[in-house]
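Enquirer: Pasting the sequence and the predicted coordinates here, then a few questions.
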Amino acid sequence: MIKIRGLNKRYGDFDALKGIDLDVAPGEFLVVLGPSGAGKSTLLRCVNRLTEPTSGEIHIDGQRVERGGRSLRALRRQVAMIFQHYNVVPRLSVQKNVLTGRMGAVPAVLSWFQWFPRKDVAIALECLRRVELQEKAELRTDTLSGGQKQRVGIARALAQQPKVILADEPVASLDPKTSRTVLNYLKQASRELGITVVCNLHQIDYAREFGERIVGVSGGRIVYDGGPEGLTDEVLRRIYPGLDEGEDRSRVTAVSSVSAAAPALRQLELEEAGA
């Protein structure tokens, strides 16, 4: 479904991504694991061209992803994104937030006036049912908890009826119980609908629990590619350089140290925050 070859991204003198080669199979739930600043978010944003790569090729469902034009707009309708900070419109209802996922499928004039055909409303309600929020469809989204807002984000992505979902640290700001709930909804939808999911995480325990396959990223390179059972202490030290033996690995949020590249790292951090 996704094929990446020789992907590089440079900010000034700092290489955020260094020769990434990666294949993701149709329907796979892939976790990209690594510390903050490792390049995880830059990788996802390059896949749908929210960030322009310095070099390399990306193909989705056999189609090369290129900058601009109708082909990119058409491709983005097949690639949904879930953000760390929800990216919902607080004053809109839950249902209308989910319906924004249908904008690419309706005439522009209807979406401008927030008018959607009945079939699209039915799709939105079904997606809310999947994340158990159908009873809150008419509420303003700013009345919801953080976990509920992220479930709205998942429903919006599903309403797009995509082939691929890119989830960028979707549980970074949630408590452990809510995090598992959100990841369960996402994985269940992937299994039942056959959607390919690439999910960025920095929590090792969640990666082991939910990842069918894990790609470890450190310093802009892939340093591990395999199953959750392969996350040995040696592998974790490659993903998280300097990880102390006594540290609780389930709560690691280590940051790669590249002090000479502070301005470039700041840009990378802004991307990782969804700025």
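Expert: Cool, got the structure.

Enquirer: In the chain, what helix or strand scores lowest on average pLDDT?
Expert: helix 262-272 (a mean of 47; mean pLDDT, DSSP states H and E).

Enquirer: end-to-end on stretch 127-137?
Expert: Its start and end residues considered, stretch 127-137 measures 11 Å (CA to CA, to the nearest Å).

Enquirer: Quick one: the strands in the stretch 151-275 of the chain, in order.
Expert: 164-168, 196-201, 213-218, 221-226 (DSSP state E, counting those that start in this stretch).

Enquirer: And those: which comes nearest residue 124?
Expert: strand 164-168 (16.4 Å; CB to CB). Where C-beta positions appear, they are placed from N, C-alpha and C, glycine not excepted.

Enquirer: Would you check that residue 2 makes contact with residue 198?
Expert: Yes: counting by CB atoms under 8 Å, residue 2 touches residue 198, with 7.1 Å between them.

Enquirer: Now for those two: what residues contact both?
Expert: Counting by CB atoms under 8 Å, 6 or more residues apart in numbering, the common neighbours of residue 2 and residue 198 are 24, 47, 164.

Enquirer: which one of those is nearest residue 74?
Expert: Nearest member of those to residue 74, counting by CB to CB, is residue 164, at 13.4 Å.

Enquirer: Check whether that closest one really touches residue 77, as I assumed.
Expert: No: judged on CB under 8 Å, residue 164 makes no contact with residue 77 at a distance of 10.8 Å.

Enquirer: Just list the residues touching residue 30, thanks.
Expert: 24, 196, 197, 198, 199, 211, 212, 213, 214, 215.

Enquirer: which SS class is it?
Expert: strand (DSSP: H, G, I helix; E, B strand; the rest coil).

Enquirer: Okay, helices next: where are they in the stretch 51-200 of the chain?
Expert: Taking DSSP state H, counting those that start in this stretch to define them, one finds helices in the stretch 51-200 of the chain at 69-76, 94-99, 108-112, 118-130, 146-159, 176-193.

Enquirer: The ones you listed: lowest mean pLDDT?
Expert: Ranked by mean pLDDT, the helices of the stretch 51-200 of the chain end with helix 108-112 at the bottom, a mean of 57.

Enquirer: gap between the residue most central in space within the chain and residue 197?
Expert: With distances taken as CA atoms, centre = their mean, residue 167 lies nearest the centre of the chain, 1.6 Å away. Distance from residue 167 to residue 197, counting by CB to CB, to the nearest Å: 6 Å.

Enquirer: where does residue 45 land on pLDDT?
Expert: So, for residue 45, pLDDT stands at 94.

Enquirer: Can you check my assumption that it lies in a helix?
Expert: Yes: judged by three-state DSSP, residue 45 forms part of a helix.

Enquirer: Once you drop chain neighbours, what's closest to residue 10?
Expert: residue 54 (4.6 Å; CB to CB, 6 or more residues apart in numbering).
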